[in-house]
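Asks: Sequence and predicted structure are below.
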Amino acid sequence: MWATLYATVILGTTGVLAESPKTESASKDQAASSWGSALVENTPTQEFTSTPNLTTEPTYSTIISDHRVLEPLLTPQPPTPLQPTSTPEPSTSTSPHPIVSSVRPVDCADHMLVGARVSGVYKIYPFTCSCGKPVLVWCDMETDGGGWTVFLSRQQQNVQLDFNRTWDHYKAGFGSPYSEYYLGNEVLHQMTYSRAYAIRLDVGLASGGYDFATYKKFKVNSEDKGYSASLKGFLAGGTSTRSCLCYMRGRYFTTLDEDHDSYEGNCASVRGGAWWYNNCKQFNPTSIFNTTLKLTCNGLSRAVTQLQLKIRPSICDSSHKTIHLTDTGCGCAAPEH
């Protein structure tokens, strides 16, 4: 039987992860002062050092035992990250934040529960009892109480990351959490089936300002079910941004080589990305980034300069927080520090 360690934290409405009632404008002010500036400021200048393998496709065993979230799987020339405008923590600008305890954190909320408070790149262990290598992710530790694991990040940079990729690439994940990246559908499936997660969309608008939307429950089904998405329980956000997320509900994932959308053609081929498409006209956050990213939701088209999609355990939105930190009965070694 697995020996499971649980950490239970009882917090009031003013606790670090507590969701206190806010007006929409107050929530937007908080979003603007945290996720947008933190992502740019903490972007390192270090280039990719690995050479992408353009001949070998990732396999399921590769994903489980040697997850390659950080390998650019298609683009011969890797993207050049933005130059940081400031360096609040020079020691962590080119390496992930250390794990500060003996637990194996499954997500960014686990890191927060053991004291992490600074947004940046962290190691997580999303594959239960696989003893696989850790996955690097961007953790938003400030927006709306923090503890958010970013699974898609888009921003303007010198060379944009190519998101027009195959099913296997979106299954495994690609890019760098220091700049643009996609975490991977297999990781999202493993994470959202081990816990109940909320989802949040944050966008910075080219016209100035920002918008966001959150839903209480988000789940990605297994590959044999087309990595279909489940979405329930709108919590907060603007009308247009709320519609952006609702288009995902019940949809199968489509890539340029796997067509599962309702359009007569292939939306991934038409739009130049991959997503849980309703049709080719609506929300596509992986389309071509040409100075800005154009998003159409609820009939409104807007130019976006930054975008993050992120998840956090749904229980973080209540005053009673209990987070499963680690499975110690799998024969796994202590997490890497």
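Replies: Sure thing, it's come through.
Asks: Which residues does stretch 252-261 contact?
Replies: With contacts defined as Cβ atoms under 8 Å, 6 or more residues apart in numbering, stretch 252-261 is touched by 164-167, 169-170, 185, 225-229, 251, 265-269, 274-280. Placement of C-beta: from N, CA and C, glycine included.
Asks: One more pass at 6 Å, please.
Replies: Residues outside stretch 252-261 that contact it (Cβ atoms under 6 Å, 6 or more residues apart in numbering): 166-167, 170, 226-228, 266-269, 274, 276-277.
Asks: what do you get for stretch 299-310?
Replies: 35-36, 140, 148, 150-155, 200-204, 206, 240, 285, 292-295.
Asks: just checking, which of those residues belong to helices?
Replies: S240 (DSSP state H).
Asks: Quick check: ChimeraX command selecting the buried ones in the contacts of stretch 299-310.
Replies: The buried subset of the contacts of stretch 299-310, as determined by 16 or more other Cβ atoms under 10 Å, is captured in ChimeraX by this line:
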select :35,36,140,148,150,151,152,153,154,155,200,201,202,203,204,206,240,285,292,293,295
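Asks: quick one, helices of the protein?
Replies: 24-31, 37-41, 60-65, 108-113, 167-172, 185-194, 239-246, 267-271.
Asks: Lowest average confidence across those, which one?
Replies: Sorting these by mean pLDDT places helix 60-65 lowest, at a mean of 31.
Asks: Name the spans of the stretch 1-150 of the chain whose pLDDT lies under the cut-off.
Replies: 1-94, 98-102, 128-131 (pLDDT under 70).
Asks: can you rerun that using 90?
Replies: 1-104, 126-133 (pLDDT under 90).
Asks: Next: the stretch 201-337 of the chain.
Replies: In the stretch 201-337 of the chain (pLDDT under 90), the answer is 237-243, 246-247, 261-265, 269-272, 278-282, 296-301, 315-337.
Asks: biggest separation within the contacts of stretch 252-261, which pair?
Replies: S228 and S269 (20.1 Å; Cβ to Cβ).
Asks: sorry, back to before: the contacts of stretch 299-310 in strands, which ones?
Replies: The members of these that map onto strands under DSSP state E are 140, 148, 150-155, 200-204, 293-295.
Asks: Now flag whichever of the residues you listed is closest to P96.
Replies: Distances from P96 to the ones in strands among the contacts of stretch 299-310, taken by Cβ to Cβ, are shortest for V150, at 13.4 Å.
Asks: ok, the closest one - contacts?
Replies: 138, 308, 310.
Asks: Contact partners for S230?
Replies: Per Cβ under 6 Å, 6+ apart, neighbours of S230: K219.
Asks: For it, name its beta-bridge partners.
Replies: Using DSSP bridges, the beta-bridge partners of S230 come out as K219.
Asks: Then W148?
Replies: D140.
Asks: wait, doesn't it sit right on R312?
Replies: Yes. In this structure W148 lies within contact range of R312 using Cβ atoms under 6 Å: 4.8 Å.
Asks: and the closest residue to G237 other than its chain neighbours, how far is that from L307?
Replies: Nearest residue to G237 in three dimensions, chain neighbours excluded: A213, at 3.1 Å (Cβ to Cβ, 6 or more residues apart in numbering). A213 sits 12 Å away from L307, going by Cβ to Cβ, to the nearest Å.
Asks: now S194: how far from G120?
Replies: Counting by Cβ to Cβ - S194 and G120 are separated by 24 Å.
Asks: With neighbour numbers in mind, choose between the two.
Replies: G120 (25 against 16; other Cβ atoms under 10 Å).
Asks: Rebuild the contacts of stretch 252-261 as TSV, extending it with neighbour count and distance to H189.
Replies: Output for the contacts of stretch 252-261, formatted as TSV (neighbours: other Cβ atoms under 10 Å; distance: Cβ to Cβ, whole Å):
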residue	neighbour count	distance to H189
T166	18	17
W167	21	14
Y170	28	12
G226	17	11
Y227	24	7
S228	17	10
N266	19	22
C267	26	21
A268	31	19
S269	17	24
A274	28	15
W276	24	13
Y277	27	18
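Asks: If we only consider these, which is nearest to C246?
Replies: If you rank those by distance to C246 using Cβ to Cβ, W276 comes first, at 10.9 Å.
Asks: tell me, how many neighbours does G250 end up with?
Replies: 11.
Asks: Leaving out sequence neighbours, find the closest residue to it.
Replies: Counting by Cβ to Cβ, 6+ apart, the residue nearest G250 is S228, at 6.7 Å.
Asks: Confirm for me that the one you found is in contact with N221.
Replies: Yes. Counting by Cβ under 6 Å, S228 does reach N221; the two are 4.6 Å apart.
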